[in-house]
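> What would the 3D arrangement of this be:
(one chain, ligands or ions: 1)
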Amino acid sequence: MLINRNLEACYSLRRHEVRKTIRNVRTKIGNPVDIGELAFLTEMNVVISIIFGSKFVEEMEKRSKDGTEFRELVVKYGQVMGKPNISDFFPVLARFDLQGIQKVMGKPNISDFHPAISECVKMLSDRREGEIQRNEKKHLIQILLELMEQKDIGISQDLVKIKAILVDIAIGGTDTTITMVEWVMSELLNNPEIMSKVQQELKHVVGMNNIVEESHLPNLHYLDAVLKETLRLHPALPFLLPKRPSQSAIVGGYKIPEGTKVFLNVYAIHRDPQVWESPLEFQPERFLSPSTNLDYAGNNMKYLPFGSGRRICAGIPLAEKMLMFIFASLLHSFHWKLPEGENVDILEEFGLTLKKSERRVEAISVKPRNCKDLDTIFPTGFSIYNIRVRIMMLVGHFLSLVRSSNQLLSLLHYC
Ligand code: HEM
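Numbers count the residues shown, from 1 in each chain. Okay, here's the model as predicted:
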(Lines give C-alpha, C1' and ligand atoms only; values in the text may rest on other atoms or scores of the structure.)
Protein backbone atom coordinates (compact mmCIF):
# COMPACT_ATOMS: atom_id res chain seq x y z
CA MET A 1 0.00 0.00 0.00
CA LEU A 2 2.80 2.42 0.86
CA ILE A 3 5.28 1.39 -1.84
CA ASN A 4 6.30 3.84 -4.56
CA ARG A 5 4.15 2.29 -7.34
CA ASN A 6 0.96 2.63 -5.28
CA LEU A 7 1.91 6.09 -4.11
CA GLU A 8 2.26 7.29 -7.72
CA ALA A 9 -1.42 6.40 -8.18
CA CYS A 10 -2.51 8.81 -5.42
CA TYR A 11 -0.28 11.73 -6.37
CA SER A 12 -3.30 13.94 -7.11
CA LEU A 13 -4.38 13.51 -3.48
CA ARG A 14 -1.01 14.74 -2.18
CA ARG A 15 -0.95 17.60 -4.65
CA HIS A 16 -4.46 18.63 -3.60
CA GLU A 17 -3.51 18.66 0.11
CA VAL A 18 -0.20 20.49 -0.37
CA ARG A 19 -1.83 23.15 -2.54
CA LYS A 20 -4.61 23.56 0.00
CA THR A 21 -1.87 24.24 2.56
CA ILE A 22 -0.19 26.86 0.37
CA ARG A 23 -3.56 28.53 -0.18
CA ASN A 24 -4.05 28.49 3.60
CA VAL A 25 -0.65 30.17 4.21
CA ARG A 26 -1.43 32.74 1.54
CA THR A 27 -4.42 33.95 3.53
CA LYS A 28 -2.13 34.51 6.54
CA ILE A 29 0.75 36.43 4.99
CA GLY A 30 2.37 38.67 7.61
CA ASN A 31 0.83 36.74 10.53
CA PRO A 32 2.46 33.92 12.50
CA VAL A 33 1.67 30.42 11.23
CA ASP A 34 1.84 27.34 13.45
CA ILE A 35 4.03 25.13 11.28
CA GLY A 36 3.21 21.91 13.16
CA GLU A 37 -0.52 22.43 12.78
CA LEU A 38 -0.10 23.21 9.11
CA ALA A 39 1.89 20.02 8.56
CA PHE A 40 -0.52 17.97 10.63
CA LEU A 41 -3.55 18.90 8.55
CA THR A 42 -1.68 18.19 5.31
CA GLU A 43 -0.16 14.88 6.37
CA MET A 44 -3.15 13.60 8.32
CA ASN A 45 -5.52 13.95 5.37
CA VAL A 46 -3.07 12.12 3.10
CA VAL A 47 -2.49 9.26 5.57
CA ILE A 48 -6.17 8.93 6.50
CA SER A 49 -7.20 8.94 2.82
CA ILE A 50 -4.76 6.10 2.15
CA ILE A 51 -6.17 4.08 5.05
CA PHE A 52 -9.88 4.90 4.92
CA GLY A 53 -10.39 6.64 1.57
CA SER A 54 -10.97 10.30 0.75
CA LYS A 55 -14.71 10.09 1.57
CA PHE A 56 -13.80 9.51 5.17
CA VAL A 57 -11.60 12.64 5.19
CA GLU A 58 -14.54 14.66 3.85
CA GLU A 59 -16.79 13.31 6.62
CA MET A 60 -14.17 14.02 9.26
CA GLU A 61 -13.70 17.57 8.00
CA LYS A 62 -17.45 18.11 8.25
CA ARG A 63 -17.47 16.89 11.85
CA SER A 64 -14.52 18.96 13.02
CA LYS A 65 -13.99 21.85 10.63
CA ASP A 66 -10.22 22.20 10.98
CA GLY A 67 -9.38 18.66 12.03
CA THR A 68 -8.07 19.86 15.43
CA GLU A 69 -10.23 17.37 17.37
CA PHE A 70 -8.46 14.41 15.78
CA ARG A 71 -5.08 16.12 16.03
CA GLU A 72 -5.48 16.55 19.77
CA LEU A 73 -6.38 12.89 20.08
CA VAL A 74 -3.33 11.77 18.03
CA VAL A 75 -0.98 14.08 19.96
CA LYS A 76 -2.33 13.04 23.40
CA TYR A 77 -2.23 9.37 22.48
CA GLY A 78 1.30 9.71 21.07
CA GLN A 79 2.46 11.58 24.20
CA VAL A 80 1.20 8.89 26.58
CA MET A 81 2.41 6.04 24.38
CA GLY A 82 5.79 7.68 23.93
CA LYS A 83 6.57 8.58 27.56
CA PRO A 84 9.63 6.64 28.81
CA ASN A 85 7.96 4.09 31.09
CA ILE A 86 9.88 2.52 33.99
CA SER A 87 7.72 -0.59 33.58
CA ASP A 88 9.32 -1.13 30.13
CA PHE A 89 12.79 -1.22 31.64
CA PHE A 90 11.82 -3.20 34.77
CA PRO A 91 8.82 -5.38 33.81
CA VAL A 92 8.52 -6.68 37.41
CA LEU A 93 7.35 -3.19 38.36
CA ALA A 94 4.70 -3.07 35.63
CA ARG A 95 1.82 -4.03 37.95
CA PHE A 96 2.53 -1.02 40.21
CA ASP A 97 2.21 1.42 37.28
CA LEU A 98 4.61 3.79 39.09
CA GLN A 99 4.16 6.71 36.69
CA GLY A 100 0.41 6.18 36.34
CA ILE A 101 0.77 5.71 32.56
CA GLN A 102 -1.57 2.71 32.48
CA LYS A 103 -4.17 4.77 34.36
CA VAL A 104 -3.88 7.73 31.98
CA MET A 105 -4.38 5.40 28.98
CA GLY A 106 -7.81 4.56 30.41
CA LYS A 107 -8.89 8.23 30.69
CA PRO A 108 -11.76 9.18 28.39
CA ASN A 109 -9.85 11.59 26.12
CA ILE A 110 -7.19 8.95 25.43
CA SER A 111 -9.39 5.87 25.24
CA ASP A 112 -11.65 7.84 22.84
CA PHE A 113 -9.06 7.04 20.22
CA HIS A 114 -10.07 3.39 20.04
CA PRO A 115 -13.83 4.01 19.70
CA ALA A 116 -13.03 6.59 16.99
CA ILE A 117 -11.07 3.97 15.05
CA SER A 118 -13.73 1.29 15.74
CA GLU A 119 -16.39 3.61 14.38
CA CYS A 120 -14.39 4.03 11.15
CA VAL A 121 -13.87 0.28 10.82
CA LYS A 122 -17.59 -0.33 11.25
CA MET A 123 -18.62 2.44 8.88
CA LEU A 124 -16.33 1.11 6.15
CA SER A 125 -17.12 -2.52 6.82
CA ASP A 126 -20.87 -1.72 6.35
CA ARG A 127 -20.48 -0.04 3.02
CA ARG A 128 -17.55 -1.82 1.44
CA GLU A 129 -19.68 -4.47 -0.33
CA GLY A 130 -21.31 -1.85 -2.56
CA GLU A 131 -18.07 -0.03 -3.22
CA ILE A 132 -16.12 -3.10 -4.26
CA GLN A 133 -18.88 -4.12 -6.65
CA ARG A 134 -18.62 -0.72 -8.30
CA ASN A 135 -14.91 -1.47 -8.86
CA GLU A 136 -13.70 1.41 -6.72
CA LYS A 137 -10.03 1.41 -5.75
CA LYS A 138 -9.62 -0.48 -2.47
CA HIS A 139 -8.28 1.25 0.61
CA LEU A 140 -6.02 -0.32 3.20
CA ILE A 141 -8.88 -0.97 5.57
CA GLN A 142 -10.92 -2.80 2.89
CA ILE A 143 -7.95 -5.04 2.15
CA LEU A 144 -7.47 -5.79 5.85
CA LEU A 145 -11.16 -6.56 6.33
CA GLU A 146 -11.13 -8.91 3.34
CA LEU A 147 -8.06 -10.69 4.67
CA MET A 148 -9.82 -11.04 8.01
CA GLU A 149 -12.81 -12.75 6.38
CA GLN A 150 -10.65 -15.14 4.39
CA LYS A 151 -9.15 -16.56 7.55
CA ASP A 152 -11.12 -18.78 9.88
CA ILE A 153 -10.08 -17.01 13.09
CA GLY A 154 -12.20 -15.28 15.71
CA ILE A 155 -13.40 -12.05 14.08
CA SER A 156 -13.24 -9.94 17.24
CA GLN A 157 -9.62 -10.99 17.76
CA ASP A 158 -8.75 -9.92 14.24
CA LEU A 159 -10.53 -6.60 14.65
CA VAL A 160 -8.23 -5.89 17.58
CA LYS A 161 -5.23 -6.54 15.32
CA ILE A 162 -6.64 -4.37 12.54
CA LYS A 163 -7.21 -1.55 15.01
CA ALA A 164 -3.61 -1.92 16.22
CA ILE A 165 -2.29 -1.69 12.64
CA LEU A 166 -4.41 1.39 11.97
CA VAL A 167 -3.32 3.11 15.18
CA ASP A 168 0.32 2.28 14.27
CA ILE A 169 -0.06 3.89 10.87
CA ALA A 170 -2.16 6.89 11.98
CA ILE A 171 0.21 7.77 14.84
CA GLY A 172 3.39 6.59 13.10
CA GLY A 173 2.56 8.50 9.94
CA THR A 174 1.43 11.80 11.41
CA ASP A 175 3.26 12.46 14.68
CA THR A 176 6.69 11.69 13.20
CA THR A 177 6.11 13.86 10.15
CA ILE A 178 4.83 16.86 12.17
CA THR A 179 7.82 16.54 14.49
CA MET A 180 10.20 16.54 11.53
CA VAL A 181 8.50 19.48 9.80
CA GLU A 182 8.92 21.50 13.01
CA TRP A 183 12.59 20.56 13.31
CA VAL A 184 13.36 21.34 9.65
CA MET A 185 11.65 24.75 9.88
CA SER A 186 13.48 25.52 13.16
CA GLU A 187 16.86 24.70 11.60
CA LEU A 188 16.05 26.78 8.51
CA LEU A 189 14.96 29.77 10.59
CA ASN A 190 18.13 29.39 12.63
CA ASN A 191 20.28 29.22 9.48
CA PRO A 192 18.86 31.81 7.05
CA GLU A 193 21.77 31.32 4.62
CA ILE A 194 20.81 27.65 4.28
CA MET A 195 17.16 28.60 3.71
CA SER A 196 18.22 30.96 0.97
CA LYS A 197 20.38 28.23 -0.68
CA VAL A 198 17.28 25.97 -0.79
CA GLN A 199 15.30 28.82 -2.36
CA GLN A 200 18.04 29.36 -4.97
CA GLU A 201 17.86 25.68 -5.85
CA LEU A 202 14.08 25.90 -6.18
CA LYS A 203 14.42 28.92 -8.43
CA HIS A 204 16.83 26.99 -10.62
CA VAL A 205 15.01 23.62 -10.71
CA VAL A 206 11.34 24.67 -10.58
CA GLY A 207 11.59 28.23 -11.91
CA MET A 208 9.66 31.19 -10.54
CA ASN A 209 6.92 31.03 -13.19
CA ASN A 210 6.18 27.44 -12.40
CA ILE A 211 4.69 25.51 -9.54
CA VAL A 212 6.31 22.67 -7.58
CA GLU A 213 5.31 19.21 -8.77
CA GLU A 214 6.54 15.88 -7.42
CA SER A 215 8.50 15.39 -10.66
CA HIS A 216 10.83 18.22 -9.52
CA LEU A 217 11.68 16.55 -6.21
CA PRO A 218 14.44 14.14 -7.39
CA ASN A 219 16.39 17.18 -8.67
CA LEU A 220 16.28 19.08 -5.36
CA HIS A 221 19.56 17.70 -4.00
CA TYR A 222 20.25 20.49 -1.52
CA LEU A 223 16.76 20.32 0.02
CA ASP A 224 17.21 16.55 0.29
CA ALA A 225 20.51 17.13 2.13
CA VAL A 226 18.79 19.60 4.51
CA LEU A 227 16.14 17.00 5.39
CA LYS A 228 18.75 14.26 5.85
CA GLU A 229 20.86 16.48 8.11
CA THR A 230 17.78 17.39 10.20
CA LEU A 231 16.93 13.69 10.57
CA ARG A 232 20.50 13.08 11.69
CA LEU A 233 20.53 15.75 14.41
CA HIS A 234 16.90 15.26 15.47
CA PRO A 235 15.83 11.68 14.64
CA ALA A 236 12.05 11.49 15.11
CA LEU A 237 12.32 8.22 17.05
CA PRO A 238 15.64 8.55 18.97
CA PHE A 239 15.47 4.97 20.32
CA LEU A 240 13.54 3.53 17.34
CA LEU A 241 10.73 1.18 18.38
CA PRO A 242 11.54 -1.31 21.13
CA LYS A 243 12.51 -4.79 19.90
CA ARG A 244 12.15 -8.09 21.76
CA PRO A 245 14.39 -10.94 20.45
CA SER A 246 12.70 -14.33 20.17
CA GLN A 247 16.03 -16.08 20.95
CA SER A 248 18.99 -15.23 23.14
CA ALA A 249 21.93 -13.81 21.20
CA ILE A 250 25.41 -12.36 21.66
CA VAL A 251 25.81 -8.87 20.17
CA GLY A 252 29.16 -7.09 20.38
CA GLY A 253 30.20 -9.45 23.16
CA TYR A 254 27.07 -8.78 25.25
CA LYS A 255 24.46 -11.46 25.91
CA ILE A 256 20.93 -10.32 25.08
CA PRO A 257 18.56 -12.83 26.73
CA GLU A 258 15.42 -13.91 24.86
CA GLY A 259 12.48 -11.54 25.48
CA THR A 260 14.63 -8.56 26.57
CA LYS A 261 13.21 -5.19 25.51
CA VAL A 262 15.97 -3.61 23.41
CA PHE A 263 16.17 0.11 22.61
CA LEU A 264 18.73 1.20 20.01
CA ASN A 265 20.12 4.68 20.74
CA VAL A 266 20.13 6.16 17.24
CA TYR A 267 20.34 9.68 18.73
CA ALA A 268 23.78 8.87 20.17
CA ILE A 269 24.95 7.11 16.98
CA HIS A 270 23.99 10.17 14.90
CA ARG A 271 26.07 12.43 17.18
CA ASP A 272 29.04 10.13 17.68
CA PRO A 273 32.26 12.13 17.05
CA GLN A 274 34.00 8.90 16.03
CA VAL A 275 31.82 8.58 12.94
CA TRP A 276 30.70 12.17 12.26
CA GLU A 277 32.88 15.23 11.83
CA SER A 278 31.64 18.22 13.95
CA PRO A 279 28.56 16.15 14.86
CA LEU A 280 26.70 18.94 16.67
CA GLU A 281 26.82 21.35 13.73
CA PHE A 282 24.04 21.63 11.19
CA GLN A 283 25.87 21.01 7.89
CA PRO A 284 23.64 19.71 5.06
CA GLU A 285 26.71 19.71 2.77
CA ARG A 286 27.95 16.51 4.44
CA PHE A 287 25.15 14.66 2.61
CA LEU A 288 26.05 16.11 -0.80
CA SER A 289 29.35 14.38 -1.20
CA PRO A 290 28.98 11.33 -3.50
CA SER A 291 31.37 9.43 -1.23
CA THR A 292 28.93 9.76 1.73
CA ASN A 293 26.18 7.93 -0.17
CA LEU A 294 23.78 7.82 2.77
CA ASP A 295 20.11 7.06 2.23
CA TYR A 296 17.13 6.03 4.36
CA ALA A 297 17.42 2.29 3.65
CA GLY A 298 19.15 1.53 6.95
CA ASN A 299 22.11 -0.26 5.37
CA ASN A 300 24.74 2.03 6.87
CA MET A 301 24.81 1.62 10.65
CA LYS A 302 25.96 5.21 11.21
CA TYR A 303 22.69 6.68 9.82
CA LEU A 304 19.37 5.06 10.80
CA PRO A 305 16.62 7.74 10.99
CA PHE A 306 13.98 5.23 9.81
CA GLY A 307 15.46 2.19 11.56
CA SER A 308 16.81 -0.85 9.80
CA GLY A 309 16.01 -4.45 8.91
CA ARG A 310 12.63 -6.12 9.03
CA ARG A 311 11.02 -3.54 11.31
CA ILE A 312 12.22 -0.53 9.30
CA CYS A 313 9.63 2.24 8.89
CA ALA A 314 6.88 1.07 6.55
CA GLY A 315 6.16 4.60 5.33
CA ILE A 316 9.58 5.78 4.06
CA PRO A 317 8.47 6.50 0.46
CA LEU A 318 5.46 8.51 1.68
CA ALA A 319 7.42 10.29 4.42
CA GLU A 320 10.19 11.27 1.99
CA LYS A 321 7.79 12.48 -0.68
CA MET A 322 5.66 14.47 1.77
CA LEU A 323 8.57 16.18 3.56
CA MET A 324 10.18 17.14 0.24
CA PHE A 325 6.88 18.27 -1.31
CA ILE A 326 5.77 20.33 1.71
CA PHE A 327 9.11 22.14 2.09
CA ALA A 328 9.69 22.63 -1.62
CA SER A 329 6.22 24.23 -1.87
CA LEU A 330 6.47 26.36 1.29
CA LEU A 331 9.93 27.70 0.38
CA HIS A 332 9.19 28.16 -3.31
CA SER A 333 6.07 30.21 -2.61
CA PHE A 334 7.09 32.29 0.43
CA HIS A 335 9.94 33.95 2.32
CA TRP A 336 9.91 32.97 6.00
CA LYS A 337 11.11 34.69 9.17
CA LEU A 338 10.57 34.47 12.92
CA PRO A 339 7.92 36.60 14.61
CA GLU A 340 9.41 39.85 15.96
CA GLY A 341 11.59 39.37 19.06
CA GLU A 342 11.42 35.54 19.02
CA ASN A 343 14.29 33.05 18.91
CA VAL A 344 14.19 29.46 17.78
CA ASP A 345 14.97 27.15 20.64
CA ILE A 346 16.33 23.78 19.66
CA LEU A 347 15.93 22.12 23.02
CA GLU A 348 14.59 18.60 22.94
CA GLU A 349 12.00 16.72 24.95
CA PHE A 350 12.62 13.00 25.11
CA GLY A 351 9.82 10.54 24.56
CA LEU A 352 9.10 7.95 21.89
CA THR A 353 9.30 10.85 19.42
CA LEU A 354 11.96 13.52 19.89
CA LYS A 355 9.86 16.67 20.08
CA LYS A 356 10.91 20.25 20.47
CA SER A 357 10.52 21.19 24.11
CA GLU A 358 8.74 24.39 23.08
CA ARG A 359 6.12 22.57 21.00
CA ARG A 360 4.86 25.30 18.70
CA VAL A 361 7.06 26.60 15.91
CA GLU A 362 5.64 29.83 14.63
CA ALA A 363 6.98 31.49 11.54
CA ILE A 364 5.75 34.35 9.43
CA SER A 365 5.39 33.95 5.70
CA VAL A 366 6.71 37.38 4.82
CA LYS A 367 5.72 37.75 1.22
CA PRO A 368 5.00 35.55 -1.74
CA ARG A 369 8.08 34.88 -3.83
CA ASN A 370 6.12 35.23 -7.04
CA CYS A 371 2.78 37.00 -6.83
CA LYS A 372 1.70 36.31 -10.38
CA ASP A 373 2.14 32.58 -10.04
CA LEU A 374 0.46 32.37 -6.66
CA ASP A 375 -2.52 34.34 -7.83
CA THR A 376 -3.00 32.01 -10.76
CA ILE A 377 -2.76 28.76 -8.87
CA PHE A 378 -3.84 29.71 -5.40
CA PRO A 379 -6.49 32.42 -5.82
CA THR A 380 -7.63 33.72 -2.44
CA GLY A 381 -10.56 35.81 -3.48
CA PHE A 382 -12.14 38.12 -5.97
CA SER A 383 -9.72 40.45 -7.73
CA ILE A 384 -9.31 42.06 -11.13
CA TYR A 385 -6.25 39.88 -11.55
CA ASN A 386 -8.28 36.72 -10.88
CA ILE A 387 -10.89 37.78 -13.42
CA ARG A 388 -8.14 38.32 -15.99
CA VAL A 389 -6.67 34.90 -15.22
CA ARG A 390 -10.07 33.22 -15.49
CA ILE A 391 -10.77 34.92 -18.85
CA MET A 392 -7.34 33.79 -20.10
CA MET A 393 -8.08 30.24 -18.94
CA LEU A 394 -11.47 30.27 -20.71
CA VAL A 395 -9.81 31.51 -23.92
CA GLY A 396 -7.21 28.74 -23.50
CA HIS A 397 -9.91 26.08 -23.13
CA PHE A 398 -11.74 27.47 -26.15
CA LEU A 399 -8.58 27.41 -28.28
CA SER A 400 -7.74 23.84 -27.28
CA LEU A 401 -11.33 22.85 -28.06
CA VAL A 402 -11.03 24.42 -31.51
CA ARG A 403 -7.68 22.66 -31.98
CA SER A 404 -9.05 19.27 -30.96
CA SER A 405 -12.15 19.67 -33.15
CA ASN A 406 -9.85 20.56 -36.07
CA GLN A 407 -7.82 17.44 -35.33
CA LEU A 408 -11.06 15.43 -35.18
CA LEU A 409 -12.16 16.87 -38.53
CA SER A 410 -8.83 16.00 -40.18
CA LEU A 411 -8.98 12.51 -38.68
CA LEU A 412 -12.49 12.01 -40.08
CA HIS A 413 -11.23 13.32 -43.37
CA TYR A 414 -8.51 10.65 -43.54
CA CYS A 415 -10.87 7.84 -42.44
C1 HEM B 1 9.43 11.73 8.72
C2 HEM B 1 8.57 10.80 8.93
C3 HEM B 1 8.82 9.47 9.57
C4 HEM B 1 9.87 9.03 10.34
C5 HEM B 1 11.11 9.81 10.75
C6 HEM B 1 9.61 7.64 10.69
C7 HEM B 1 10.45 6.84 11.44
C8 HEM B 1 10.15 5.55 11.83
C9 HEM B 1 11.01 4.74 12.64
C10 HEM B 1 12.38 5.15 13.19
C11 HEM B 1 10.39 3.56 12.86
C12 HEM B 1 10.90 2.39 13.70
C13 HEM B 1 11.83 1.50 12.93
C14 HEM B 1 12.59 0.55 13.82
O15 HEM B 1 12.27 0.43 14.99
O16 HEM B 1 13.54 -0.09 13.32
C17 HEM B 1 9.11 3.62 12.16
C18 HEM B 1 8.19 2.59 12.14
C19 HEM B 1 7.00 2.65 11.42
N20 HEM B 1 6.57 3.68 10.59
FE21 HEM B 1 7.54 5.43 10.28
N22 HEM B 1 8.42 7.27 10.13
C23 HEM B 1 7.89 8.34 9.43
C24 HEM B 1 6.73 8.37 8.70
C25 HEM B 1 5.88 7.32 8.54
C26 HEM B 1 4.70 7.32 7.69
C27 HEM B 1 4.26 8.50 6.79
C28 HEM B 1 4.09 6.11 7.85
C29 HEM B 1 2.84 5.57 7.21
C30 HEM B 1 1.87 6.23 6.70
C31 HEM B 1 4.89 5.35 8.78
C32 HEM B 1 4.59 4.08 9.20
C33 HEM B 1 5.36 3.34 10.07
C34 HEM B 1 4.97 2.03 10.57
C35 HEM B 1 3.69 1.26 10.23
C36 HEM B 1 6.00 1.60 11.40
C37 HEM B 1 6.09 0.28 12.17
C38 HEM B 1 6.83 -0.75 11.33
C39 HEM B 1 6.95 -2.07 12.08
O40 HEM B 1 6.90 -2.08 13.29
O41 HEM B 1 7.12 -3.09 11.40
N42 HEM B 1 5.96 6.10 9.18
N43 HEM B 1 9.00 4.84 11.53
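> all strands of the stretch 251-400 of the chain, in order?
254-256, 334-337, 348-349, 355-356, 362-368 (DSSP state E, counting those that start in this stretch).
> Report the mean per-residue pLDDT for the third one.
pLDDT averaged over strand 348-349 equals 65, rounded to a whole number.
> The closest residue to the ligand within the stretch 101-250 of the chain: neighbour count?
Residue nearest to the ligand within the stretch 101-250 of the chain (C-beta to the nearest ligand atom): residue 173, separated by 2.9 Å. C-beta here means a position set from N, CA and C on the backbone, and glycine is covered the same way. Applying other C-beta atoms under 10 Å, we find 24 residues neighbouring residue 173.
> That one: what's it in contact with?
43, 47, 315, 318-319 (C-beta atoms under 8 Å, 6 or more residues apart in numbering).
> Which helix or which strand is home to residue 250?
Secondary structure assignment for residue 250, by DSSP states H and E: strand 249-251.
> Contacts made by that strand with the rest, please.
Against strand 249-251 from outside (C-beta under 8 Å, 6+ apart): 255-256.
> In the sheet, which strands lie alongside it, parallel or antiparallel?
strand 254-256 (antiparallel) (DSSP bridges).
> Show me which parts of the strand it pairs with are buried, residue by residue.
For strand 254-256, burial by neighbour count (16 or more other C-beta atoms under 10 Å) applies to residue 256.
> same thing with stretch 293-313?
For stretch 293-313, by 16+ other C-beta under 10 Å, it's 294, 296, 298, 303-308, 313.
> got it, and stretch 266-285?
266-267, 269-270, 276, 282-284.
> out of the residues you listed, who's nearest residue 220?
Nearest to residue 220, judged by C-beta to C-beta, of those is residue 284 at 11.8 Å.
> Just name the shakiest helix or strand of this protein by mean pLDDT.
One helix or strand of the chain scores below all others by mean pLDDT, DSSP states H and E: helix 384-414, with a mean of 44.
> Below-threshold pLDDT in the chain: ranges please.
Of all residues in the chain, those with pLDDT under 70 make up the ranges 1-3, 5-6, 52-84, 105-139, 141-142, 148-159, 343-415.
> what does it put close to the ligand?
With C-beta under 6 Å from any ligand atom as the criterion, the chain meets the ligand at residues 2, 47, 168-169, 172-173, 176-177, 180, 236-237, 240-241, 305-308, 311-315, 318-319, 323.
> Any figure for the gap between residue 259 and residue 248?
Residue 259 sits 9 Å away from residue 248, going by C-beta to C-beta, to the nearest Å.
> for residue 302, same thing?
For residue 302 relative to residue 248 (C-beta to C-beta), the value is 27 Å.
> before we move on, what about residue 294?
Taken as C-beta to C-beta, the span from residue 294 to residue 248 is 32 Å.
> pretty sure residue 228 is in a strand, no?
No: using DSSP: H, G, I helix; E, B strand; the rest coil, the secondary structure at residue 228 is helix, not a strand.
> Check the burial of the closest residue in space to it that isn't next to it in sequence by counting its neighbours.
Residue nearest to residue 228 in three dimensions, not counting chain neighbours: residue 287, with 4.4 Å by C-beta to C-beta, 6 or more residues apart in numbering. By other C-beta under 10 Å, 21 other residues sit near residue 287.
> can you tell me which residues contact residue 287?
Here residue 287 is in contact with 224-225, 228-229, 294 (criterion: C-beta under 8 Å, 6+ apart).
> Determine the number of other residues adjacent to residue 196.
Counted with other C-beta under 10 Å, residue 196 comes out at 13.
> give me phi/psi at it?
For residue 196, the backbone dihedrals are phi -70, psi -30 (criterion: degrees, to the nearest 10).
> and residue 168, how many neighbours?
Neighbourhood size, residue 168 [other C-beta under 10 Å]: 13.
> quick one: it is in a helix?
Yes: when classified by three-state DSSP, residue 168 is found to be part of a helix.
> what's it in contact with, if anything?
Residue 168 touches nothing, counting by C-beta under 8 Å, 6+ apart.
> same thing but 10 Å
241, 314-315 (C-beta atoms under 10 Å, 6 or more residues apart in numbering).
> measure it to residue 13 for me?
21 Å.
> Near residue 218, how many residues? Count them for me, please.
Neighbour count of residue 218, defined by other C-beta under 10 Å: 10.
> you'd agree it is up against residue 224?
Yes: contact criterion C-beta atoms under 10 Å: residue 218 and residue 224 qualify, at 8.6 Å.
> Which neighbours do the two have in common?
Common neighbours of residue 218 and residue 224 (C-beta under 10 Å, 6+ apart) are residue 324.
> so which residue of the stretch 1-150 of the chain comes closest to the ligand?
residue 47 (4.8 Å).
> returning to that earlier point: redo the contacts of residue 173 as JSON lines? Include distance to residue 98.
Shown next, in JSON lines, are the contacts of residue 173 (distance: C-beta to C-beta, whole Å):
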{"residue": "43", "distance to residue 98": "34"}
{"residue": "47", "distance to residue 98": "34"}
{"residue": "315", "distance to residue 98": "33"}
{"residue": "318", "distance to residue 98": "37"}
{"residue": "319", "distance to residue 98": "34"}
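> Please name the nearest non-neighbouring residue to residue 172.
Closest to residue 172 by C-beta to C-beta, 6+ apart is residue 315, at 6.7 Å.
> That neighbour - how many residues pack around it?
21.
> mind listing what's buried in stretch 188-200?
By 16+ other C-beta under 10 Å, the buried positions in stretch 188-200 come out as 188-189, 191, 194-195, 197-199.
> Would you check how far apart the residue nearest to residue 228 and the ligand are?
16 Å (C-beta to the nearest ligand atom, to the nearest Å).
> Then residue 333?
For residue 333, the distance to the ligand - C-beta to the nearest ligand atom - is 21 Å.
> Residue 13: neighbour count?
16.
> Most widely separated two among the buried residues of stretch 188-200?
Most distant of the buried residues of stretch 188-200, by C-beta to C-beta, are 189 and 197, 14.2 Å apart.
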